[in-house]
Structures are given as C-alpha cells and as structure tokens.
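K.L.:
Sequence and predicted structure, then a few things I'm wondering about:
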Amino acid sequence: MAAPTKRSSRPTPVRKAWRSLTWLGVIIAGLFAINAAGVIWGGGSWTPKLALDLEGGTQIILAPQLEDGQTASQEQLDQAVAIIRQRVDASGVAEAEINTEGSNVVVRIPGELDEQTAARIQSSAKLELRPVLLAGGATNESIDPSASPEPTEPAEELSSTPTVEPTDGSDPNWVTPALQAQYDDFNCAEMDENATNVAPADEPLVTCDTTRTVKYLLGPVEVSGEHIVDATNGMVQTSTGATTGQWAVNIVFDDQGTEDFAEVSTRLYGLKDQAPRDQFAFVLDGAVLSAPSMNGIITDGRPQITGQFQQADSKALADQLKFGALPISFTVQSTDTISPTLGTSQLQSGLIAGLIGLILVVIYTLFQYRALGSVTIASLIIAAVITYLAITILSWYEGYRLSLAGIAGLIVAIGFTADSFIVYFERVRDELRDGRPLVGAVEAGWKRAFRTVLASKGVNLLAAVVLFILAVGSVKGFAYTLGLTTVIDVIVVILFTHPMLQLLAQTKFFSSGNPWSGLDPNALGAVYRGRAEFRKPATVPARKVASSSKEAQKRQTIAERKAAVSAGVGSDEGKES
Amino acid sequence: MANRLTTFGNDLYTGKRSFNFVGGRRKWYLIAGILLILSVAIPLLRGVNFSIEFTGGSQFQIAGVEDATAQPAVDAVHSVVPESVPKVTVVGESGVRVQTEQLTQEESREVTSALASAYDVPEGEVTSTFIGPSWGADVTRQALVGLVAFVLLAAIIMALYFRTWKMSAAAIIALMADLVATVGIYAAVGFEISPAAMIGILTILSYSLYDTVVVFDKIRENTAEDGQESRRTFAESVNLAVNQTLVRSINTSVVAALPVAAILFIGAGVLGADTLRDISLALLIGILVGTWSTVFIAAPLYSQLREGEPAIKRHDAKVLKERERAAGASADAPAVASA
C-alpha cells in the first residue's frame, strides 16, 4: 500500500477500489452463470433444496451396532448405504437420500413413508447359509397378484411340528405338512411385500431367489454369514495354473466357519444323488443369492462357487457375500416424521426471524455509524446475494439441503458478518482520532483491520470446520452455513466494504467530515492539524508533562493530551495496585 | 452530532476516560470465580434438564389444532399405552407437543392416529419423532471430541499468530470460563439441554475467541509499538488497549446479539422450532458472557502472565521509578491515579 498521505498517491486507492469491485462483479456474475448453467443443463434450480425438517418427510438415522473398540470402516458403511438404497429403490420411493454421516447411515425420504418401506430400511442386512430341502420353479403364474388364486390357509389340522425330531439341517423331517403347504402356496412375486421370507435361524425358511424364478424350502441356518472373511471373484484355474476362462467366486471362511462348513459339505456331498438336497443356499436378507450344489468335501474353508457367471455377475455375488456378511448390523437411532405443514411453518418462522434480525442490525448500525451504516447494509446485501447463490449451487452440485439449523446459522451470520465491518470502521475512526485525514485514515485503518479480521475470521472458520467434521445431525447444517458465510464475509469485506470506503472517502460528503457521515473528525475528537502532520512526536519530556495538574490536562487539546499519553503520564488510567 | 457512544469511544481511545480492567483484576477474578462455582454447583444440585434426544423417547407434535388443550393428548396416549405418563405441552395457540417414553413402532403408529383423531387433524399432520437412548450419548461424545479438537487447534493457531503462548493460554482460559458460565446459566434457568443447545454452546467457542482475538490484536499492537520506549507499564498498555476496543466490543456484541435475539423471540413461540430456540438461547448467553470474559478475564490474565517476565519487570520498574522522580519534582502532581 502506497503511503496514504502523499498527494501523488491519491488516485491509487481509487484505482484499487475499482479493481476490487470489478473482481467482485466477476465473482457474482460467475456464480450466477454457474447456477444458470445448472438450471439449464444440470437439473439445478434457483432455490436451494430444503431439508426434511422444512419440507416434511421422514428421516431415519441408523447407527452401526458394534462391539466396544470396533469401528465401522468407510467401505462397510458405503456397502450398507448401497444395500439400503437397493431396498428403498425396490419399494419405489422417489428421491430418497441415503448417506453416511460420521459412522451413521442417514435415510431421508420426502413425503409420507409407508410402514413396509420403513420396516425394510430398518431390517439389517443378514447373510445366512442354509441347506436346500426342496427347490422348484417359482409359483409365478400370477405375476399379477389379483389374478392369483388365494393362497389356501394352512388347514388347522396340518401339523407344524415335525413328527420325528430332525437330526441335521438336511433332514427331510423338517418338512412338516404345514410347511409343505406353505411352500406349495408360496408366490415369489409377492415375496417381499408380505415379508414372508423371514424365519428364525433355527427354523426352516420358504423363499425364492433374487430373480424370483426358483422357489426354495431351506433348512435352518448352518453357517452364519459373518464367518465369511473374504469373497472375491476370479478365473477358475486348473492345477497347472492355466485359466479355464470360467468365472468363479472364491470364499474364505474364518476358523469357526471353516469347521461348520466342513461338516456341512461332508453331509451335502454325501447327498449328491439326492438333488436338490446337495445344494447349499446363500441367503441375503431372506432371498437366495445363489444355491450351488456341493461338488466335494471342503475342509480348508475356501469353497469356490462356479456356474454360468459373467465377470460382472461373479463380482456382484462376491460383493454381496463379502459385505452382506459384515458383522455390522444397524439399530434405529432416531426416526423423525415431519408433516409438510409443520415444515412450512418452521421455514416461515426462520425467515421471519432472519428478517427481524436484519432490520435490528440495520437500525443499530445506522444509529451508530450514520451514513457509514449504509455501507454495512450494502455489504450485507452483497453477502446475502453471494450466500444465496452459493447455497443454491451447492444444493444442486453437492446435494446440500438447507435445514432449520442451517437457517439459524445464516441468521447468526448476519451479526457475525456485520462484526467485521465494525472492526474496520472502528479502526478508521481510531485513525481519524489520531488526526489523519479521511483518505489516509481509511488506508491505515484497513491495513490494521484487515489483519485482525483475517485472524478472527480464521478462528471462526476453524470452529465451523471442526464442528462440521465431527458433527452429527443438525449440527452439520449449522456449521456448514456458518463456515460458508465466514468465507463470504471475508470476500465481501475485501472486495466490497473496503473499496466502497475508499471511494466514499473521495466524496465531499465524507471527506468534509459531514456530521451525518459517521466519520466526522470533530465528533471523533480529532483536531485537524494539517496534511501529513497528525501526531506530535513524543518529545515532550516526561518531567515537564508530569508537572501539569489533572485540571490542566482537561484543558489540553487532544493532540497535547495525546503527546502526554505517549509520554506515559497524564492519563488517569490505573497502575497496578 | 456525535452520539454518546462515539464520544465515550473518543474518551476511551485517548485515555481521557479509562476503566481499570487490568488493575482491578482481583475483583474480576473473584466475581468470575463465584460465577463459575455457581455454574458448576447449580447443575449438580438441581440436575440438568436433558431433552428427549438424550433420554430417549417418543415425541409427537400436532400443529394447526383448533382447540389446543392437553387433555385430549393424555387420553389419546392412554388409549394406547395405559400406564404411560405423557408430558404434554401446549405451544403457541395451535400446537401441542406430547412426549412419552420410548414406544414401539406399533404403539407409535397407534398413538399417531389416536392423536390425529383426538385433535381432528389428518394423520399426516402429526409429526412424530422417535429417539433411541444412544443418540444423545453419540451427540455428547462428538461434541466433546469437537470441543477438545477445536481448543487444541485454536490454541496452537493463536500461539503462532500472536507469537506468544501466553496470549493463547489467556484466551483459552477465558474460553473455558465462558463455556462453564453458559452451561451454568442455562442450567440455572432450567432450560433443556438439547443437541441444538449443544451446537449453540459449541458456537460460543468461536464467538468468544473471535472477540478475544480482536482485543488481543490491539493489545499486541499497543505493547509492540511502544516497546522499550513506552512510558506506560505493561499492565497500563494492556488496559489502554482494552479500553480502546471497548466501544467496538460493545458494538459487535450488540450486533451479534440482535439477530440471535430475533431467532429466540420467534423460535420460542413456534411449535417445532425448538432448534431455533435452543441454538439462539445458548448463543445469546454465550455472546454476552464471551464479551465479558475477554475484558475481565482474558486481558487481565494475559497481563499477569507477562508481568513476571524479567524484561517487562525491568521496564515496568524503570517507568515507575521515572514517574516517582517526576512526582518528586512536582509534589502536587498526582501523575498516576492509583487504583
């Protein structure tokens, strides 16, 4: 910054000011253009998307249930999100949002949520390995359920307890007459809707495969999915290491799984001629992913599933086995159902609160800073425009949604934004008090205020970032807007507030120290001592000044008193006692 | 034309008027100490009123009710869960909020429809919230981690910026006092501590430090500018800086508090705007307390931390000696008013 007091440098602040304002214009135009592009090509909009608490809808927060000291990896969470998304999509809910927040999975569904979808979201992904007792083509003649013959109620007399206690998972004694009837009537098309495909681990299960083409009656759970350590896909290799060109899924069990699986594979291999009882079903969320038959006794816990796989199929199955088998299940931490009317009224009250807050700030700054207050107001308007555009763009691009806490952050930001102007204005006033002419005071004040504003806003930003990273739920929205507005505040104070003051300092109204300008040197107690001469060098000997009495001090001019102050005495400030 | 605060500011700036913030620190510490003891004791004695997010439970809100009374809600809950003791609050003119212990999904649905028919509104208009007992624990843990992470980072950054750990330490101690006092006031008045209130309390961290950084920046400027040539003792320099920034502190606090007060005012009367109410209440208390702590705790504390340094001790001694000599030369000049 050029020495602000030299006459020759006077046009420099003006040139700089216009340059800053041009940059500001470029930024605003740029944001506007990005948003316009988003609206035209990217499905954006001119209003930010609203969170469920303002829009109405249901938000479910699922927390992973973990043993002490365990943490869910991002990979596990992402897979959980993918699984839950599949479930929500399957129920035909539009515009559902499923995300991770910290270690939680958050499901947001606009509008009313039906019970079945809710139940589906909340049920945990569970992988079970069950032996096949019966298998057959799906009873799918009725894809249209209304046309299907009513499933006959299992007659009362059909026994549902085995007459002979089954000895192992493949024992046909599991198939009681009641179960047989249920199996016969089971309609794969209606499988999910009726949540029929659930059974305790120690009971048989009637279900279909995921494509709903094969119907199964399965024995009790023999190996729990969490014993799968890893599942990968790869080419089948012969003993010489050459590939056969066939895709397979390789599974690795842990010790317990190896033991369990060895026992099962021995038994099923012994049933080789009794298909389908040599098959072993991998059941994810009650639907059969795959039911390969046992081609050998596997004791090393590393079975390989082969079949008519394409690369993608084998990858999908491997992923499902691997991640469906995670020892991670979720509990519902909170459910919020917000009616649309309540959401609308909350949005309204938020906006009204913001408006009232804004008006109060405007009145106060006008009262305190007179015409200078108009710079604050203009700066707040510029900040508001940039914030609005930024939020709209973020809502389009990042999927940000404005929540009530976010609105609270924006309102609080009105005051925090005005803060930095006050720091600046007070600095300029300080410089005026020191006797500088306005143009010089603006430059010198800015130089000092700028550093202070950067430091203090840095602290604000740090708080917002820490809150955002660590926050759960509504804290996030608040931290987000608070951080965003802090950055915007700094931009505005550099590119708008300061240049405006630089320009206003040139006007007669302000430079002449009009009483209404808010920068009236007389009101500020400064005595104009001629250009480039503000502060008397502190050469007054301490002894001499000290001899002046208190009464005399009061009669000093401010500059004299200032000299006295810098001489270290003459002020009535306190000394350590 | 100058309004009173401007004139006041002038006087503070030039040193015509001065509050002895640094000198009277024993008094301020004592007041702060009493406040802090009360802030810790009151919540311990009275117990803290934790919101449903911390205790777990179910909450229902019915908006747009024609006749907002509590009895229909109690009856509706009893029709589903007879042994329940619901907490029913009438909010505004047309809102009812019902809190119960944790209900199963089935019960929750039944209560929703019972409430809808009791108040004659469509079922979709009943807002329901279920919060598991671990939710609040989660929020608390995260908040504490956030608190520690922020304080550590802020302490390091401030120490780097101000190039002395003593400013950083003084600021952080004042910050802690803010937190304790805010929670204390919150608990003393009996407000519910909700996650939104915790957001507010955490945001105070940011505001309190913001205020402190601005004042400390001026302190640093004053003490660095004057250096060895200064005719003021270190404490006097610090005190002058606080006085010079006092009008600014008042103005920024008022400006920050105004919108927050607006949120509080609106949020308190509107059903479901609890988030607004809780954030703003904590913030409002925190902004006021934060300004107080900067002036009365942070600055005096910083001065105290530095006064012991040999260089500053020597300087102060020199200044005082010179002053004494000057006073001796002219007996009728009480050059320095002792506090």
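P.N.:
Now that the structure is in, tell me what you want to look at. Numbers count the residues shown, from 1 in each chain, chains lettered A, B, ... in the order given.

K.L.:
show me the contacts for residue 238.
P.N.:
Since no chain was named, I'll use chain A. When the contact criterion is CB atoms under 8 Å, 6 or more residues apart in numbering or on different chains, the partners of A:T238 are A:T244. Glycine gets a C-beta too; all of them are placed from N, C-alpha and C.

K.L.:
ah, I was thinking of chain B
P.N.:
By CB under 8 Å, 6+ apart, the residues touching B:V238 are B:V22, B:I219, B:N222, B:T223, B:A299, B:P300, B:Y302, B:S303.

K.L.:
10 Å - rerun?
P.N.:
Taking CB atoms under 10 Å, 6 or more residues apart in numbering or on different chains as the criterion, B:V238 is in contact with B:21-22, B:215-216, B:218-220, B:222-223, B:232, B:299-300, B:302-304, B:306-307.

K.L.:
And for A:V81?
P.N.:
Under the criterion of CB under 10 Å, 6+ apart, the contact partners of A:V81 comprise A:L62, A:I98, A:N99, A:T100, A:V105, A:V106, A:V107.

K.L.:
Name whatever forms a beta bridge with the residue lying closest to the third one once chain neighbours are set aside.
P.N.:
Of all residues not flanking A:N99 in the chain, A:V106 sits nearest, at 5.3 Å (CB to CB, 6 or more residues apart in numbering or on different chains). When bridges are taken as DSSP bridges, the partners of A:V106 come out as A:I61, A:N99.

K.L.:
hang on, A:V106 packs against A:T58?
P.N.:
No - the pair A:V106 / A:T58 is not scored as a contact, 11.1 Å apart, by CB atoms under 10 Å.

K.L.:
And the average pLDDT for the host helix or strand of A:A413 is what?
P.N.:
Using DSSP states H and E, the element containing A:A413 is helix A:404-433. What helix A:404-433 shows for mean pLDDT is 86.

K.L.:
Show me what whatever helix or strand comes next after it is packed up against.
P.N.:
Moving toward the C-terminus from helix A:404-433, the first helix or strand encountered (DSSP H and E) is helix A:438-470. Applying 3 or more CB pairs under 10 Å, 6 or more residues apart in numbering or on different chains; DSSP states H and E, one finds that helix A:438-470 contacts helix A:11-41, helix A:404-433, helix A:474-492, helix A:498-504, helix A:508-511, helix B:133-162, helix B:195-226.

K.L.:
Could you check how far helix A:438-470 is from the centre of its chain?
P.N.:
For helix A:438-470, the distance from its own C-alpha centre to the chain's C-alpha centre is 27 Å (CA atoms, centre = their mean, to the nearest Å).

K.L.:
Next: stretch B:6-24.
P.N.:
Here stretch B:6-24 is found 25 Å from its chain centre; the criterion is CA atoms, centre = their mean.

K.L.:
Show me which residues of it are buried.
P.N.:
Neighbour counts over stretch B:6-24 (16 or more other CB atoms under 10 Å in any protein chain shown) mark B:6-10, B:12-18, B:20-24 as buried.

K.L.:
With only the CA atoms kept, save it in PDB.
P.N.:
As requested, the backbone C-alpha atoms of stretch B:6-24 are provided in PDB (Å, rounded to 0.1, in the frame of the first residue of the first chain):
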ATOM      1  CA  THR B   6     -18.900   7.800  20.000                       C
ATOM      2  CA  THR B   7     -17.900  10.500  22.500                       C
ATOM      3  CA  PHE B   8     -17.500   7.800  25.000                       C
ATOM      4  CA  GLY B   9     -15.300   5.900  22.500                       C
ATOM      5  CA  ASN B  10     -13.200   9.000  21.900                       C
ATOM      6  CA  ASP B  11     -12.600   9.400  25.600                       C
ATOM      7  CA  LEU B  12     -11.600   5.800  25.900                       C
ATOM      8  CA  TYR B  13      -9.400   6.000  22.900                       C
ATOM      9  CA  THR B  14      -7.400   9.000  24.100                       C
ATOM     10  CA  GLY B  15      -7.300   7.800  27.600                       C
ATOM     11  CA  LYS B  16      -9.400  10.600  28.900                       C
ATOM     12  CA  ARG B  17     -11.600   8.100  30.500                       C
ATOM     13  CA  SER B  18     -10.400   4.700  31.400                       C
ATOM     14  CA  PHE B  19     -11.800   1.600  33.100                       C
ATOM     15  CA  ASN B  20      -9.300  -0.200  35.200                       C
ATOM     16  CA  PHE B  21      -9.800  -3.700  33.800                       C
ATOM     17  CA  VAL B  22      -6.300  -4.900  34.400                       C
ATOM     18  CA  GLY B  23      -5.700  -3.300  37.700                       C
ATOM     19  CA  GLY B  24      -8.900  -4.400  39.300                       C
END
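
K.L.:
does it come close to chain A?
P.N.:
Yes - for a cut-off given as CB under 10 Å from any CB of the partner chain, stretch B:6-24 has contacts with chain A, namely B:6-7, B:9-11, B:13-24.

K.L.:
Would you state the strands of chain A in chain order?
P.N.:
For chain A, applying DSSP state E gives strands covering A:57-65, A:97-101, A:104-110, A:127-137, A:205-208, A:214-218, A:223-224, A:228-237, A:243-253, A:280-284, A:287-290, A:304-306, A:329-338.

K.L.:
do the same with chain B
P.N.:
Taking DSSP E, the strands of chain B run over residues B:57-62, B:87-91, B:95-100, B:126-131.

K.L.:
which stretch among those strands comes nearest chain A?
P.N.:
For those, proximity to chain A was assessed by CB to the nearest CB; strand B:126-131 is nearest, at 4.3 Å.

K.L.:
Run through the neighbouring helices and strands of the closest one.
P.N.:
strand A:57-65, strand A:329-338, helix A:340-369, helix B:52-55, strand B:57-62, strand B:95-100, helix B:105-118.

K.L.:
What count of nearby residues applies to residue 25?
P.N.:
You didn't pick a chain, so chain A it is. Neighbouring residues of A:G25 were enumerated by other CB atoms under 10 Å in any protein chain shown; the total is 12.

K.L.:
oops, chain B please
P.N.:
B:R25 is surrounded by 23 other residues when neighbours are defined as other CB under 10 Å.

K.L.:
these two touch, right, it and B:I297?
P.N.:
Yes - assessed by CB under 10 Å, B:R25 is found in contact with B:I297 at 8.5 Å.

K.L.:
Spit out the residues that contact these two alike.
P.N.:
Taking CB under 10 Å, 6+ apart as the criterion, B:R25 and B:I297 both touch B:A32.

K.L.:
thought B:V289 was touching B:M176?
P.N.:
No - here B:V289 does not reach B:M176: they are 11.6 Å apart, not a contact under CB under 10 Å.

K.L.:
what residues are shared contacts of these two?
P.N.:
Shared contacts of B:V289 and B:M176, defined by CB under 10 Å, 6+ apart, are found at B:S208.

K.L.:
Of these two, give the one with the bigger neighbour count.
P.N.:
B:V289 (24 against 17).

K.L.:
and that one, what pLDDT?
P.N.:
According to the model, B:V289 carries a pLDDT of 89.

K.L.:
Next: B:L147.
P.N.:
What the model reports as pLDDT for B:L147 is 84.

K.L.:
Test my guess that it contacts B:L179.
P.N.:
Yes - taking contacts as CB under 10 Å, B:L147 lies within contact range of B:L179: 7.9 Å.

K.L.:
lowest-pLDDT helix or strand in chain A?
P.N.:
When the helices and strands of chain A are compared on mean pLDDT, DSSP states H and E, helix A:542-546 comes out lowest with a mean of 38.

K.L.:
circling back: now render the strands of chain A as JSON lines, adding distance to A:W516.
P.N.:
As requested, those are exported to JSON lines (distance: least, CB to CB, whole Å):
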{"stretch": "strand A:57-65", "distance to A:W516": "51"}
{"stretch": "strand A:97-101", "distance to A:W516": "51"}
{"stretch": "strand A:104-110", "distance to A:W516": "52"}
{"stretch": "strand A:127-137", "distance to A:W516": "76"}
{"stretch": "strand A:205-208", "distance to A:W516": "82"}
{"stretch": "strand A:214-218", "distance to A:W516": "86"}
{"stretch": "strand A:223-224", "distance to A:W516": "80"}
{"stretch": "strand A:228-237", "distance to A:W516": "77"}
{"stretch": "strand A:243-253", "distance to A:W516": "81"}
{"stretch": "strand A:280-284", "distance to A:W516": "75"}
{"stretch": "strand A:287-290", "distance to A:W516": "77"}
{"stretch": "strand A:304-306", "distance to A:W516": "85"}
{"stretch": "strand A:329-338", "distance to A:W516": "49"}
